[in-house]
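Participant: dropping the sequence and predicted coords here.
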Amino acid sequence: MTEAAARNVSDLLQQATQLIASHDETASGSPVMALARQIGRKMASGTLTMDAVEDIVRLLRDRAFAGRAHHIATYLDGPDEQTVTARMRTVARHIVQPDPTDSPVPIARFRAAIERSRFAAVFTAHPTFALANPVYEALAELASTNPAAAPEHVPAFLTHRRVGPPTLDEEFTLATQAILRGRNALDRLNTTLLTEARIHWPQQWSTLVPRPIIMTSWVGYDTDGRTDIGWWDTLRLRLRMKQLQLSRLQAQLEPVTSCANDLHARVATALEAVTAQIAACPTGPEPEGVSRFADVLINRSTEALTSSNDLRATFSEAIDAATPEDKMALVVARAGFMAHGLSAAHTHTRLNATQLHNIARQRLNITDNPDIPAQRRALISRMNEALDTVEPVEIDFGSLLMEQASAGRLMMTVRQILRHIDRTSPIRFLIAETETGYTLLTALWLARLYGVADMIEISPLFETQDALENGEQIIEEALRSPHWRAYLQRTRKLSLQFGFSDSGRYVGQLAATYLIERLRIKVCDLLRKWDLAFVEVILFDTHGESIGRGAHPYRLADRFDYLSPPHARARYTRAGIQLREETAFQGGDGYLLFGTQTLADATVSIIAEHAFATSALDRDPVYDEPDFSADFFSTIANGMTGLVEDPGYAALLGAFGPSLIDKTGSRPSARQSDAASTVTRIKHPSQLRAIPNNAILQQLAWCANTLQGLGTAAARHPETFEKYLAESPRFRRAMDFAAHGLAHSDHGVLRGVIRLLDPDMWLERATAQRDAGAQEACLTLMHGLEQLDFWASTQAMFRRIQSDHLALRRAWPEAPRMQPDELLLHGIRIALIEQIWMLSTRVPYFSPRHAFSRDVMTLKVLCLEVPAVLKELEQIFPYRSDGSFDLDFHEPHGPRQEGTYSREYTEVFEPMQRLFQMVREISTGVMHHVGAFG
Ligand SMILES: C=C(OP(=O)(O)O)C(=O)O
């Protein structure tokens, strides 16, 4: 950081602070616009060089990075060794002796408490791999030092961006690194539990097999909305999970010297066989390769082990014969192994409801549309008939090769895993966008067809507004089927999933969690009504790390209580229904909480505290006035659904928002289906997936899906709002979302963005210009924006947002505001965007090439599709030949006009490229402030 840059930053920050304090809303549209204009003028006049702006951006980004490291540490209540040890010990002691004034519980009760999985941490590859891997590592390392404030010095990186999006294999590597740290942390927790047990039951403790918390993975198994994961990928990655589990076990057993039987040898043999199976894995549907793979997979399956039970007796024998020093190591190793089966983590597969509907149409000729409620009853009765008669069929890999339906392929893949890789670990079968019980019955029919119904956990994912509002009807539709009830009775489990990202973006994040809580309680009532209270309920929340995707912003402990309010948990306890909670750690951002061993230990210790907390029926006042809550949250939902349908909202999301963010994962940013085409222009938010949708909002400085409707809701009940803010923990946790949302939203920035899209503003600028060239440039941009036609709808949408926001500020005057550092990043970015646009008008005349004309170029630049535009321009204006023109053309070698366009390169194309890179670098800074991507 040069001295000049430091001076520049402090000058600009001072200006930012003054402008913000002045509240001069008339200044060029907003204070931030005025700031952007000043920066733009300085850049145009050369008083602020590109180098200097780059330095400023890096400095601001690094300050945000330092703040984020501090935030992660506070999020985990200070990840230090002593605190974590003490927390784990307190949990263990509390289980042994819930009442400190009473004697310890009998071992049977202790066993029941710890041998049941109460909580699963689910690692998904949701595309939030927004930062370069070394940057994530540095962030985790810094947070692990438990800094008391934002550190002054941070590692210097030229960029925080990734070189490119991760591949599925890279995501798998990152996920498994996090999972293995999680597994180590679980071993530490189990050691603490067992150590405590040893004190009280010295003869029996070694018979305990704790598994209160488990790790689970989606990576390689989630095929919802993507067509690029082949069944061979799923099997290969599943085998790698088995390999990781066995190598982990081998490493745990290595120091154990008193092991008298063949435990070591069996693990080594299994590992060798699995390694051979992985080596034989096909890379595509090529029959000969698949046949060779089938040979190794099937004929070496006994050596490779097909169930954790294969080692149960060997383990017990080894533990009984072990020396006291080795006993603990063996009992802990067995616990982790038995809890996870033949995989480093459990397996969650996922597909979309429509894929199941397709296979029912193909195989059973059920052609009615499940989306039409009036047709559902008939559909369900057809499916019940199919279930009456379905007989399991045997399949082989040839069947898998021939299968055309994606749901059929997935269920067959599940069957092959259960047959040849791990027979005893159940597999979750998640169904995205479930809106009817018919979908659940179809999944059951397919599972029975392939003989796996008792080993899979069919789970609807409630994420659409319809599903959240009618979730209990969806479940009841299925419960009316004797087949579904029999399935629950046999498996003794009901698995449900709630998607926070999607539901939050449609009805608003705060309303979504309210609806989800209501649904959880209704499910409890439903099970009692249908005499199924003996069934364990698995509630899985797929929220992401940020407020936009449902994670509480301030503390991990609050995150769990927010997702799973103590009140709802207590309802289950009172009904005698066992609950297992599961929660997502998504993509790059989510893995941060497992980014070092220190962080993973702290995370697991907080999970343990939550998983064993006893929850009494809450005296939270918010539950005393259900009418207020219902009205408050439904007002938010109305506000948000209105915004989602507002054409200006789609226009805002689609204008240049997608260009502000890098592609952050291997999953496409729009849902793909077998037949889908790619979206070019966004007409409705549903054309985007939730994560890019939310990420764009954050980059545009308006966390709409957390805030919209809240002002109107608060204005309807100003006194109650104030009272609950002060007195209700449940309400306060919800408002923490709003507080964080407001701290990273600024109506001036949003207005600035909308002003940029307004042709009128460019006309005003053209009018004010003395220079004819500059005037022409402004008019070109004006015409382009007229053609894009974002302006009228975005302005109307802004009025909708701002009136709600003003109401919120009136009801909650002390709510936070965006701070100068972050504002400055936005101000600089607006200036940079203007510079890019203006530069583009200096591209010399060119004749259209394919579909790329001058007009098309302007429109693309206005949408900030700069990399694509520069690629075209490089073809049109070649800078240097590739050497192929140096061939002998049978005449004396003539001049090649190389470097003809060097001026365009140095004055237009390269600066555009640099400016665009800064635009995206700023996005990493904004992400650090928000604390997540999307
Ligand atoms: C499950 C969710 O994410 P997605 O469907 O985008 O994977 C969700 O909405 O939380």
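Facilitator: In hand now; what should we look at?
Participant: which residues of the stretch 551-700 of the chain lie near the ligand?
Facilitator: Within the stretch 551-700 of the chain, the positions adjacent to the ligand are Arg689, Ala690 by C-beta under 6 Å from any ligand atom. All C-beta atoms are positioned from the backbone trio N, CA, C, and that covers glycine.
Participant: ignore the last one, the chain
Facilitator: Selection of the chain residues close to the ligand by C-beta under 6 Å from any ligand atom yields His126, Ala432, Leu461, Glu463, Gly499, Phe500, Ser501, Asp502, Thr542, Arg689, Ala690.
Participant: from the residues you listed, which ones fall inside strands?
Facilitator: Mapping the residues of the chain next to the ligand onto strands (DSSP state E) picks out Ala432, Leu461, Gly499, Thr542.
Participant: the second one - nearest residue in space that isn't next to it in sequence?
Facilitator: Read it as Leu461. Gln497 (4.3 Å; C-beta to C-beta, 6 or more residues apart in numbering).
Participant: could I get the phi/psi values of the one you found?
Facilitator: The phi/psi pair for Gln497 (degrees, to the nearest 10) reads phi -130, psi 140.
Participant: bridging residues for it?
Facilitator: Leu461, Phe540 (DSSP bridges).
Participant: quick check: it touching Ala467?
Facilitator: No - judged on C-beta atoms under 8 Å, Gln497 makes no contact with Ala467 at a distance of 10.4 Å.
Participant: who touches both of those two?
Facilitator: Pro460 (C-beta atoms under 8 Å, 6 or more residues apart in numbering).
Participant: shaky segments in the stretch 601-750 of the chain?
Facilitator: Scanning the stretch 601-750 of the chain with the threshold set as pLDDT under 70 gives 617-618, 673-680.
Participant: what do you get if the cut-off is 90, keeping everything else the same?
Facilitator: For the stretch 601-750 of the chain, the stretches with pLDDT under 90 are 614-627, 668-682.
Participant: before we move on, what about the stretch 401-550 of the chain?
Facilitator: The stretch 401-550 of the chain contains residues with pLDDT under 90 at 464-466.
Participant: ranges for the strands of it?
Facilitator: 427-432, 456-462, 493-499, 536-542 (DSSP state E, counting those that start in this stretch).
Participant: burial measure for the residue lying closest to Arg809 once chain neighbours are set aside, as a count.
Facilitator: Nearest residue to Arg809 in three dimensions, chain neighbours excluded: Ala815, at 6.8 Å (C-beta to C-beta, 6+ apart). Around Ala815 there are 17 other residues, counting by other C-beta atoms under 10 Å.
Participant: so who does Ala815 touch?
Facilitator: When contacts are counted by C-beta under 8 Å, 6+ apart, Ala815 touches Ala738, Ala739, Leu742, Leu808, Arg809.
Participant: I'd assumed Pro816 was in contact with the third one.
Facilitator: What that stands for is Leu742. Yes - counting by C-beta under 8 Å, Leu742 touches Pro816, with 5.3 Å between them.
Participant: now Leu887: how far from Pro878?
Facilitator: With the distance defined as C-beta to C-beta, to the nearest Å, Leu887 ends up 16 Å from Pro878.
Participant: sorry, slip of the keys, the one I care about is Gln687.
Facilitator: To Pro878, Gln687 is 36 Å away according to C-beta to C-beta.
Participant: how about stretch 389-396: buried residues?
Facilitator: Counting neighbours by 16 or more other C-beta atoms under 10 Å, one finds that the buried residues in stretch 389-396 are Val390, Ile395.
Participant: contact partners of it?
Facilitator: For stretch 389-396, the external contacting residues (C-beta under 8 Å, 6+ apart) are Ala294, Met412, Arg415, Trp445, Arg448, Leu449, Tyr450, Gly451.
Participant: any idea how far apart the tips of that stretch sit?
Facilitator: With C-alpha to C-alpha, to the nearest Å as the measure, stretch 389-396 spans 22 Å from end to end.
Participant: ok, stretch 536-548 next?
Facilitator: With C-alpha to C-alpha applied, stretch 536-548 spans 30 Å between its terminal residues.
Participant: one step back: mark which of the contacts of stretch 389-396 are buried, thanks.
Facilitator: Burial by neighbour count, 16+ other C-beta under 10 Å: within the contacts of stretch 389-396 this picks out Ala294, Met412, Arg415, Trp445, Arg448, Leu449, Tyr450, Gly451.
Participant: so can I have a markdown table of those showing distance to Val749?
Facilitator: Formatted as a markdown table, the buried ones among the contacts of stretch 389-396 follow (distance: C-beta to C-beta, whole Å):
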| residue | distance to Val749 |
| --- | --- |
| Ala294 | 58 |
| Met412 | 51 |
| Arg415 | 52 |
| Trp445 | 52 |
| Arg448 | 55 |
| Leu449 | 54 |
| Tyr450 | 53 |
| Gly451 | 57 |
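Participant: circling back: would you format the strands of the stretch 401-550 of the chain as a markdown table with distance to Ser793 and mean neighbour count included?
Facilitator: Output for the strands of the stretch 401-550 of the chain, formatted as a markdown table (distance: least, C-beta to C-beta, whole Å; neighbours: other C-beta atoms under 10 Å):
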| stretch | distance to Ser793 | mean neighbour count |
| --- | --- | --- |
| strand 427-432 | 30 | 25 |
| strand 456-462 | 31 | 24 |
| strand 493-499 | 28 | 24 |
| strand 536-542 | 32 | 22 |
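Participant: to Arg854, which of the ones you listed lies closest?
Facilitator: Minimum separation from Arg854 across those (C-beta to C-beta) falls at strand 427-432, 42.8 Å.
Participant: returning to that earlier point: neighbour count: Leu742 and Pro816, which is higher?
Facilitator: Neighbours per residue, other C-beta under 10 Å: of Leu742 and Pro816, the larger number sits with Leu742, 22 against 14.
Participant: which strands or helices does the helix or strand hosting that one pack on?
Facilitator: With elements taken from DSSP states H and E, the one containing Leu742 is helix 729-743. Here helix 729-743 is seen to pack against helix 509-529, helix 556-563, helix 704-707, helix 718-727 when contacts are counted using 3 or more C-beta pairs under 8 Å, 6 or more residues apart in numbering; DSSP states H and E.
Participant: mind doing that once more with 6 Å?
Facilitator: Contact analysis of helix 729-743 by 3 or more C-beta pairs under 6 Å, 6 or more residues apart in numbering; DSSP states H and E lists helix 704-707 as its packing neighbours.
Participant: what lies in contact with the helix or strand following the helix it packs on?
Facilitator: Next along the chain after helix 704-707, taking DSSP H and E as the criterion, comes helix 710-716. Outside helix 710-716, the residues that touch it by C-beta atoms under 6 Å, 6 or more residues apart in numbering are Phe632, Thr635, Ile636, Gly639, Phe721, Ala738, Asp804, His805, Ala807, Leu808, Ala811.
Participant: which among those gets closest to Pro287?
Facilitator: Minimum distance to Pro287 across the contacts of helix 710-716 is 54.8 Å, recorded for Ile636 (C-beta to C-beta).
Participant: in the stretch 101-250 of the chain, which residue sits nearest the ligand?
Facilitator: Going by C-beta to the nearest ligand atom, the ligand is nearest to His126 of the stretch 101-250 of the chain, at 5.7 Å.
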